[in-house]
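Colleague: sequence-free structure coming up:
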Ligand code: NAP
């Protein structure tokens, strides 16, 4: 009998939604690989909290917007745990509010390289390890989309919204592609969630400004998104694949 805990990789697991997913996953018995791109101390703090509570975790440095970064993340997974049972494609960026006629090709290239290509390449590495076609035992992937994929991001970031639309399509296609290989693939579409991403996109008051527009009249917490992600990763969601769950307070 194999009593080793299942292993979960969370890209961008060091802050915001990703950190909440890591902490919740550890409480539910996952060993967690906490990926970060640049803020090592934030990733270390998540690992310390997990280990301090008796769980298993390690950090994995790597920019999902580069092939070297992705190779280094998965090499950490292989070295630390030698197996992979779950992937949360959470790392993602926004950019300064701009109209389409102000956007540079460099901005678009970075947006899609990190949000879309990074998620697809990480999923590919996960499938190589989890798919029964490759000798794996199966697993689950959850992609973090956004309600922007539906709403469109007009006047702020249509490029970001389009990148999340690509994540939705990818979720449906990959779910069907690997369905017979014991790998489930789903997505969560958060609405407005109180994290540092808004300040990083030049809109530090976005949570305050947008909350009245949400039917539930408030922003969500990272923990509320994590709850949905953990459900989709869990055996309770064993018949759910190709689903995209709005966690947006009705927005
Ligand atoms: P956040 O607070 O800004 O945290 C972003 C996390 O991603 C950090 O851990 C960061 O690590 C990491 N990261 C950024 N670029 C990376 C890269 N190239 N490679 C690896 N890691 C990278 O963001 P968040 O609000 O939690 O957002 C997480 C996900 O939810 C994103 O996909 C976002 O689009 C989506 N989302 C958020 C909201 C919202 O309102 N917050 C709404 C809808 C969807 P470092 O600190 O090391 O850079």
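Modeller: Noted; the coordinates are in hand. None of the values given here were measured: they were computed from a predicted structure. Numbering: from 1, shown residues only.
Colleague: where do the helices sit along the stretch 1-150 of the chain?
Modeller: 16-27, 40-52, 67-80, 105-112, 118-130, 148-151 (DSSP state H, counting those that start in this stretch).
Colleague: out of those, which is the most enclosed?
Modeller: Most buried of these, by mean neighbour count (mean count of other C-beta atoms under 10 Å): helix 16-27, with a mean of 25. C-betas here are computed from N, CA, C, even on glycine.
Colleague: how about the nearest residue to residue 99, chain neighbours excluded?
Modeller: Nearest residue to residue 99 in three dimensions, chain neighbours excluded: residue 155, at 6.4 Å (C-beta to C-beta, 6 or more residues apart in numbering).
Colleague: ugh, wrong one, I meant residue 33
Modeller: Nearest to residue 33 is residue 9, by C-beta to C-beta, 6+ apart, at 4.4 Å.
Colleague: who's in contact with that neighbour?
Modeller: 32-33, 35, 60, 73-74, 77, 84, 86-88, 122, 126 (C-beta atoms under 8 Å, 6 or more residues apart in numbering).
Colleague: I'd assumed residue 218 was in a strand, is it?
Modeller: No. According to DSSP: H, G, I helix; E, B strand; the rest coil, residue 218 belongs to no strand; its state is coil.
Colleague: how much space is there between the residue nearest to residue 152 when sequence neighbours are not counted and residue 242?
Modeller: Excluding its sequence neighbours, the residue lying closest to residue 152 (C-beta to C-beta, 6+ apart) is residue 161, at 5.0 Å. According to C-beta to C-beta, to the nearest Å, residue 161 stands 21 Å off from residue 242.
Colleague: higher neighbour count, the two?
Modeller: residue 161 (20 against 15; other C-beta atoms under 10 Å).
Colleague: quick check on that one: phi, psi?
Modeller: Dihedral pair for residue 161: phi -60, psi -40, per degrees, to the nearest 10.
Colleague: list the contacts of it.
Modeller: 146, 148, 149, 151, 152, 153.
Colleague: mind checking the SS state of the residue nearest to the first one when sequence neighbours are not counted?
Modeller: Of all residues beyond its chain neighbours, the one nearest residue 146 is residue 164 (4.1 Å), with distances taken as C-beta to C-beta, 6+ apart. Three-state call for residue 164 (three-state DSSP): helix.
Colleague: does residue 164 really touch residue 115, like I thought?
Modeller: Yes. Assessed by C-beta atoms under 8 Å, residue 164 is found in contact with residue 115 at 7.0 Å.
Colleague: ok, the residue nearest to residue 163 when sequence neighbours are not counted to residue 92 distance?
Modeller: Spatial nearest neighbour of residue 163, excluding adjacent residues (C-beta to C-beta, 6+ apart): residue 115 at 3.9 Å. From residue 115 across to residue 92, the span is 5 Å (C-beta to C-beta).
Colleague: can you list residues touching both of these two?
Modeller: Joint contacts of residue 115 and residue 92 (C-beta under 8 Å, 6+ apart) are residue 163.
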